[in-house]
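Student: Sequence and computational prediction follow.
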Amino acid sequence: MEITLGELAARFGAEVHGDANCVVRRVASLERAQEGDISFLSNPRFRRHLTSTHASAVILDREMLADCVVNALISRDPYVTYAHVASLLHPPLAMEAGIHASAVIGEHCILADDVAIAAHATLGRGVRLARGVIIGAGCVLGDGVEIGEGGRLAPNVTVHAGVRIGQRVIIHSGAVIGGEGFGFANERGVWIKIAQIGSVIIGDDVDIGSNTTIDRGALGDTVIEDGVKLDNQVQIAHNVKIGAHTAIAGCTGVAGSTSIGERCAIGGGVGISGHLEIVDDVQVTGTTFVSQSIREKGVYSSGTPFEPVAAWRRNFVRMRQLDDMAKRLHELEQEFGRMRAQREQGQNK
Amino acid sequence: MEITLGELAARFGAEVHGDANCVVRRVASLERAQEGDISFLSNPRFRRHLTSTHASAVILDREMLADCVVNALISRDPYVTYAHVASLLHPPLAMEAGIHASAVIGEHCILADDVAIAAHATLGRGVRLARGVIIGAGCVLGDGVEIGEGGRLAPNVTVHAGVRIGQRVIIHSGAVIGGEGFGFANERGVWIKIAQIGSVIIGDDVDIGSNTTIDRGALGDTVIEDGVKLDNQVQIAHNVKIGAHTAIAGCTGVAGSTSIGERCAIGGGVGISGHLEIVDDVQVTGTTFVSQSIREKGVYSSGTPFEPVAAWRRNFVRMRQLDDMAKRLHELEQEFGRMRAQREQGQNK
Amino acid sequence: MEITLGELAARFGAEVHGDANCVVRRVASLERAQEGDISFLSNPRFRRHLTSTHASAVILDREMLADCVVNALISRDPYVTYAHVASLLHPPLAMEAGIHASAVIGEHCILADDVAIAAHATLGRGVRLARGVIIGAGCVLGDGVEIGEGGRLAPNVTVHAGVRIGQRVIIHSGAVIGGEGFGFANERGVWIKIAQIGSVIIGDDVDIGSNTTIDRGALGDTVIEDGVKLDNQVQIAHNVKIGAHTAIAGCTGVAGSTSIGERCAIGGGVGISGHLEIVDDVQVTGTTFVSQSIREKGVYSSGTPFEPVAAWRRNFVRMRQLDDMAKRLHELEQEFGRMRAQREQGQNK
């Protein structure tokens, strides 16, 4: 794949500064780029690399143009333009259409002509795969699973019976979609399993990271709307709903029946309790514990600062005394107020 | 599967109010239920749905009966009765007995006549599977693994050599049982591996969630007792012991050699340090860090409240000053006490 | 395998006290050891077991010798000597060299004569496996993966295209190496995928735990240096660098582009933000949130103590008032100072 700056500009609504016939073949960082590479500058912190880069061209904002010693592709949002250029020059590895001889396909499956199913994949009965779907080696799809056009499952993904997946969804290795939710009733100290008879419904353009787990609903479905992006090792419990275009970073867990709005950005290592509602456009910073519903958009955080261990131990002990400290402070304020009042009375006599 | 209310009442010790011949086929929520569905009410918050439900019958407590416009199955613990009814009407997907042609079975395995082993499963040497065991597609069982009656492994589970599993155990996809524990000795800055020669012993009626990991013991075994329920992405390190009927929610990690008692309920995202003892009947709320043994039953928590980020930043800074604040408060109390004493002395003169 | 104490002493630089011809076959704990077993004492807390052990020999420090009633192998660092002895007596399960008939091997692979590839493994094109490499059942290796001498992949590991792995690396089940990093640009509320065109480079003698995930770089590579040990369910994001001989315990996540130094010890459940630098020889205790770079070696911690829930709730509320409390304390100090100054002025008149 090679393309001229002029073609890139036309395709992505950018403007060429320099040689529109300059050909680029790969993307690279400003520091490592060589001839034939196109780089980008979105963070002004790295501006100094502009003057020394060996890239054939750089995607940048007009304001950075003065420092650029090579061809430029001027964009209002250089990172977005870079995303488009990188996808064009480095498309995902294609897999030839066809079903590997070792794959096991159940009865009554409906598979588009051009699907690619790799070695040792196992499809249950009645699976439906639309055009362009790729199923990696070792994947297991339960009965009745449906995957929309252009879906791509990396190796060793498990999708349980009845899960419905939209178009252009990418699921990374080790992810488990539609496992049974964690539902039990306690009968005199013994846990009785609650049948998990809902499913998982995944919209279009969703990305699901490696070893992420999404449980099926108990009654009703777990729902992941269009454009949601889940990083690795995210845990989504039964009957959770995640609104369109929300992104969740790695190692975050969302407990059962919680509903997260659209366009939220949830950091890594966050814990979100069950049965909560989080409105649209909420940001939650990394490792926050969300124990109550969030009713207003904004940025939310919890947690304590890290410190050298000796300082932390001293402060740690005080946290257990915090309520006591607050009461003593209040009492001192009261006493002090009374004393001052007495003094003023005395002086006024 | 269909059954009358009268039969359900007899089977599960409940009482019918209304038509004992009413036939039900599925469970559903009060809001979504239609004819032929049986629903339940366990949380009084949803009482209002009783008056508008289209369910054929509702499982409920006698006190809720007045609001119920349809047939009722009266139970002292409606959620437990619902659990039993749902399991009866929605049994886990059966797999036909038999060994798929693509499965690989090692020498000297002892398999009951009715086991079901799916495509691309791999069994090592000397594996023993009791009656009714189901092994999902892509599962790998090491040499000498034993699984008791009615065990069910979802696809892509890995069970390492020598692990012993009781009856009716369910293991969800991506779980890894019996991996090598994280044991190293440090020799002049270089980590030397400690051979992990113990195993994992799992009791009866244990559930293990998707992508959960349970390491084998270093010396001696990691032990999961009867009735334990582990959610997804739980990490159990080597030589941990988990007492009977304890439940652990998702994303929780338990470090090596810690012993957790019976009937404990550990929330999600909890971290439990190594070499601790936690007694029976302890509850730990979500995202708590348990850094010391717990010697008395009760409910335990840690962590800070989440807040809008600006407020959090202000409080965050103060946490590093907490010990200093505590000392200053103490000093102020002392000084104030001295001043008051002087004043009183002065007044008494 | 059996060996005399004399041979062990010669091999590992220890000294025999007692019968150098004593033969040992297995390792065991002091409490459970029987004839033929060799045990060890590294933690003085367990010294009392020395007097009652049935072990044939014990590895210990010279200072503990007085209490030992059986043969001893005297070592300056008994735990390290134990590690060596245990590895010798309990080598990892060997797999016979050879490629299982069900394994699928792509074109142009270069495999050493003695590699062992288990059932249902899938290798892409151009994979290179050096001498002694073992690939477990169900593993999937993408195109061009390279694994150095003595590498051992447990079952169901996924290694994506182009990943390069050094010598004697152990990767446990369910681990995913080289998945696509979590990189997106936001274009008017919609996430646009950033192609992840870097790779993962893993040094020699690295251990990677079950269900751990290591993403490939966006531009440039994710790098895991020699001797690094990663526990289960660790998440390493794109372009992270982990320095030689650093160990990271379970459930810890490291966000993108962070660089961790050599010989660090990171506890379990730790969250480390992206784009940070952590110098060599840093220790971070369990569940700490590392939100800024660490420039000096030392031990670092964060978090709050766990408490009975009622006490925690009282303190929890106060954390939101902490900045307010700090200001009120300061004000009280100021007022008190002014009052004292006035009094002293008054007395001096």
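Tutor: Received, thanks. Numbers count the residues shown, from 1 in each chain, chains lettered A, B, ... in the order given.
Student: Compute the inter-axis angle for the longest helix seen in chain A and helix B:322-348.
Tutor: With secondary structure taken from DSSP state H, chain A has its longest helix at helix A:322-348. Between helix A:322-348 and helix B:322-348, the angle comes out at 30 degrees (axes from the mean of the first three to the mean of the last three CA atoms, to 10 degrees).
Student: now for helix A:322-348, which elements pack on it?
Tutor: helix B:322-348, helix C:309-319, helix C:322-348 (3 or more CB pairs under 8 Å, 6 or more residues apart in numbering or on different chains; DSSP states H and E). Any C-beta I mention is one placed from the backbone N, CA and C, and that applies to glycine too.
Student: The first one: how far from the chain's middle?
Tutor: Once both centres are worked out by CA atoms, centre = their mean, to the nearest Å, helix B:322-348 turns out to sit 52 Å from its chain's centre.
Student: That helix - what's its average pLDDT?
Tutor: For helix B:322-348, mean pLDDT is 88.
Student: buried ones in that helix?
Tutor: Neighbour-count burial for helix B:322-348, counted by 16 or more other CB atoms under 10 Å in any protein chain shown, picks out B:322-326, B:328-329, B:332, B:336, B:339.
Student: residue ranges with poor pLDDT in the stretch 201-349 of chain A?
Tutor: For the stretch 201-349 of chain A, applying pLDDT under 70 flags the ranges A:348-349.
Student: Residue A:262 contacts residue A:225, doesn't it?
Tutor: Yes - counting by CB atoms under 8 Å, residue A:225 is a contact partner of residue A:262 at 7.3 Å.
Student: Can you pull the residues that touch both of the two?
Tutor: Common contact partners of residue A:262 and residue A:225 (CB atoms under 8 Å, 6 or more residues apart in numbering or on different chains): A:243-246.
Student: and which of these is nearest to chain B?
Tutor: residue A:246 (17.5 Å; CB to the nearest CB).
Student: sorry, back to before: nearest to residue B:185 among the buried residues of helix B:322-348?
Tutor: Comparing these against residue B:185 with CB to CB places residue B:323 closest, at 36.0 Å.
Student: Report the contact partners of the closest one.
Tutor: For residue B:323, the contact set (CB under 8 Å, 6+ apart) comprises A:311, A:314-315, A:317-318.
Student: restrict the residues you listed to contacts with chain C.
Tutor: Among these, the residues within reach of chain C (CB under 8 Å from any CB of the partner chain) are residue A:317.
Student: Adding distance to residue A:35, write the contacts of residue B:323 out as TSV.
Tutor: Shown next, in TSV, are those (distance: CB to CB, whole Å):
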residue	distance to residue A:35
A:311	52
A:314	58
A:315	55
A:317	61
A:318	60
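Student: Would you mind giving me the ChimeraX syntax to select the buried ones in the contacts of residue B:323?
Tutor: In ChimeraX, this line selects whichever of those come out buried by 16+ other CB under 10 Å:
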select /A:311,314,315,318
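Student: For residue A:205, state which of the contacts of residue B:323 is nearest.
Tutor: So of these, ranked by how close each gets to residue A:205 (CB to CB), first place is residue A:315, at 45.2 Å.
Student: Would you quantify the distance from that closest one to residue B:324?
Tutor: To residue B:324, residue A:315 is 9 Å away according to CB to CB, to the nearest Å.
Student: Then residue A:95?
Tutor: The value you get for residue A:95 to residue B:324, if CB to CB is used, is 62 Å.
Student: what number of residues lie near the residue lying closest to residue A:105 once chain neighbours are set aside?
Tutor: Distance criterion CB to CB, 6 or more residues apart in numbering or on different chains; nearest residue to residue A:105, sequence neighbours excluded, is residue A:123 at 4.9 Å. By the criterion of other CB atoms under 10 Å in any protein chain shown, residue A:123 has 27 neighbours.
Student: so residue A:123 touches residue A:115, yeah?
Tutor: No - using CB under 8 Å, residue A:123 makes no contact with residue A:115, being 10.2 Å away.
Student: Residue numbers of the stretch 51-200 of chain A in contact with chain B?
Tutor: Residues of the stretch 51-200 of chain A found near chain B (CB under 8 Å from any CB) are A:102, A:104, A:120, A:122, A:138, A:140, A:142-143, A:156, A:158, A:160-161, A:174, A:176, A:179-180, A:182, A:184-187, A:189-195, A:197.
Student: Establish whether stretch A:280-288 and chain C are in contact.
Tutor: Yes - Stretch A:280-288 comes into contact with chain C (CB under 8 Å from any CB), by way of A:286-287.
Student: Counting neighbours, which bits of that stretch end up buried?
Tutor: A:281-288.
Student: Show me the two of these that sit farthest apart.
Tutor: Pairwise over the buried residues of stretch A:280-288, using CB to CB, the maximum falls at A:281 and A:287, 20.8 Å.
Student: Quick check, residue A:286 in contact with residue C:271.
Tutor: Yes - contact criterion CB under 8 Å: residue A:286 and residue C:271 qualify, at 5.7 Å.
Student: can you list residues touching both of the two?
Tutor: Common neighbours of residue A:286 and residue C:271, using CB under 8 Å, 6+ apart, are A:268-269, C:255, C:289.
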